[in-house]
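S.K.: need a 3D model of the following:
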Amino acid sequence: MRLLGCDVGAEFIIIHDGKTATKITTPLEAQAYIKNSDVVILEQTGAYGVRWCELFQSLGAKVYIADGRDFKSYRNAYSRKKDDATDALYLIQYYKEKPHKCRPYNPQQVHIRALIRQHLRNQKDITQHANRLRQYLAVIYPTEELYNSTRHRLFKNLSQLIQRLKETPHALSPLALSEAQKLSICLQEAQHLQEEIISIARNHPDYEILKTFVGLGELTIATLLAYSWDISTFKSKDSYIAYVLMGTTLEQSGKSIN
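M.R.: Next comes the predicted model:
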């Protein structure tokens with residue numbers, strides 16, 4: 001069994017076996033290099049890393065993902081020298097010293113993360129299309145309060161509004177109609193995404209544990225699962241909360257806080 005550290009770039013990867021660093025640029029080169037008994041450790045690197053994880057798994061290797069924040073601190077504690085080969089070498093050392101901080105690559109987790117990221121992007125699109133549509137409505141129907149509708153009311157009456165815009169002879173009607181139709185598509189996608197995300201979360205073994213946390217909605221639970229996945233790796237509820245709150249900023253004024 002070989003331990004291999006892998007530093008991922010957009011155009012190539014560097015794999016280190018503890019002695020030698022090897023540059024790989026194509027799947028064929030990876031197939032010639034990777035053996036089914038290998039253990040490969042990668043840092044969290046987004047879509048490019050996922051691509052190589054999928055390839056390594058298909059070749060029979062065991063793939064682990066190092067905790068991004070913790071590995072960065074670990075790496076900086078040893079050396080400030082920054083290059084791909086050194087990063088790949090330190091991934092091997094990190095895995096040996098902190099195996100509990102390296103989780104097995106899980107395609108399901110990647111799937112739900114991608115869905116949640118798409119859901120967030122879609123929510124931004126919904127807001128943008130709704131705001132633009134309101135601006136057009138204020139000009140097209142100046143004597144009405146259509147532009148001032150709540151999101152709930154605007155979304156509920158969107159199909160009727162689309163039909164009305166088709167029948168309104170105004171110079172801005174085609175632009176408003178385009179925004180309304182885009183908004184309608186985004187709302188349909190939002191519903192589909194939410195249903196799929198919640199379905200995955202409900203079938204996760206840790207779903208019922210997170211339901212015991214007061215105030216967590218199903219989308220929040222799904223997001224926590226996407227970025228922590230296996231609660232059993234945490235020693236306590238407090239350690240789990242500390243992990244999922246990494247990167248947040250707490251602002252406090254006054255004498256007390258809930």
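S.K.: now do the buried residues in stretch 125-140.
M.R.: 125-126, 129-130, 132-134, 136-137, 140 (16 or more other Cβ atoms under 10 Å). C-beta coordinates here come from the backbone N, C-alpha and C atoms, glycine included.
S.K.: ok, now stretch 98-109?
M.R.: Within stretch 98-109, judged by 16+ other Cβ under 10 Å, the buried ones are 101-103, 105, 109.
S.K.: what's the span of that stretch, first residue to last?
M.R.: End-to-end distance for stretch 98-109: 21 Å, by Cα to Cα, to the nearest Å.
S.K.: inside strands: which ones of the buried residues of stretch 98-109?
M.R.: The subset of the buried residues of stretch 98-109 located in strands under the criterion DSSP state E comprises 102-103.
S.K.: was I right about residue 42 contacting residue 51?
M.R.: No. In this structure residue 42 lies outside contact range of residue 51 using Cβ atoms under 8 Å: 10.8 Å.
S.K.: the two: who's more crowded?
M.R.: Legend: neighbour count by other Cβ atoms under 10 Å for residue 42 and residue 51, higher for residue 42 (26 against 14).
S.K.: tell me which element that one falls in.
M.R.: Residue 42 is located in strand 39-43, with elements delineated by DSSP states H and E.
S.K.: quick one: mean pLDDT for that strand?
M.R.: Strand 39-43 carries an average pLDDT of 94.
S.K.: low-confidence stretches in the stretch 101-250 of the chain?
M.R.: 229, 245-250 (pLDDT under 70).
S.K.: the stretch 1-150 of the chain: strands as residue ranges?
M.R.: Using DSSP state E, counting those that start in this stretch, the strands of the stretch 1-150 of the chain run over 3-8, 13-16, 21-24, 39-43, 62-66, 102-104.
S.K.: coming back round to it: would you mark the buried spots in the strand holding residue 42?
M.R.: 39-43.
S.K.: returning to what we had before: now the strands of the stretch 1-150 of the chain in CSV, with distance to residue 184?
M.R.: Formatted as CSV, the strands of the stretch 1-150 of the chain follow (distance: least, Cβ to Cβ, whole Å):
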stretch, distance to residue 184
strand 3-8, 39
strand 13-16, 42
strand 21-24, 45
strand 39-43, 40
strand 62-66, 38
strand 102-104, 40
